[in-house]
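J.: Test case, fold it:
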Amino acid sequence: MTPFQVVYGIHPLSLLDYVPGTSKVQAVDEYLRDRDAILRELRHNLIIVRNRMKCKTHQNCREVSFNVGDYVYIKLQPYRHKSVAFRSSRKLAPRFFGPYHTKLLKSWFGGLSISLAGRVSNS
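T.: Next up is the predicted model:
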């Protein structure tokens, strides 16, 4: 779902590609060809930027899998998790909590089939 669909509740309108030579006015024909060229270049640049951002984001991540019986540290965000004690200084508050046993974590989440494998930052 796109942000447009969330806000307006409908699919966004799409621009139709111009078929050269269908307009009888030369100025309109040139304008529509230029518009299509700009839109193609814009789509191409957005794909390049999206891939660059994805590579940059995943640069410091690695795949980690946990087995039953392992102990893990959990990164919780105090403003989202009410179970974490409030600290007067967020800068000095601990970022990771634990170690917790993987079997204990599974029981905390109500027995859901939770994959504890995920992306973990190297830093």
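J.: Next one: the most centrally placed residue in the chain from residue 41, what distance?
T.: The centroid of the chain falls nearest to residue 54 when counting by CA atoms, centre = their mean (8.8 Å). To residue 41, residue 54 is 21 Å away according to CB to CB, to the nearest Å. C-beta here means a position set from N, CA and C on the backbone, and glycine is covered the same way.
J.: For stretch 5-22, give the mean pLDDT please.
T.: Mean per-residue pLDDT for stretch 5-22: 87.
J.: right, I mislabeled it, should have said stretch 94-110
T.: Mean predicted lDDT for stretch 94-110 stands at 69.
J.: What score does residue 64 have for pLDDT?
T.: Looking at residue 64, its pLDDT is 75.
J.: can you tell me the helix or strand for the residue lying farthest from the centre of the chain?
T.: Within the chain, the residue lying farthest from the chain centre (CA atoms, centre = their mean) is residue 24, at 45.5 Å. Assessed by DSSP states H and E, residue 24 sits outside every helix and strand.
J.: picking up where we left off before, name the SS class of the residue nearest to the centre of the chain, please.
T.: helix (DSSP: H, G, I helix; E, B strand; the rest coil).
J.: For residue 93, give its distance to residue 30.
T.: Relative to residue 30, and taking CB to CB, residue 93 is found at 61 Å.
J.: Okay then, goodbye and thanks.
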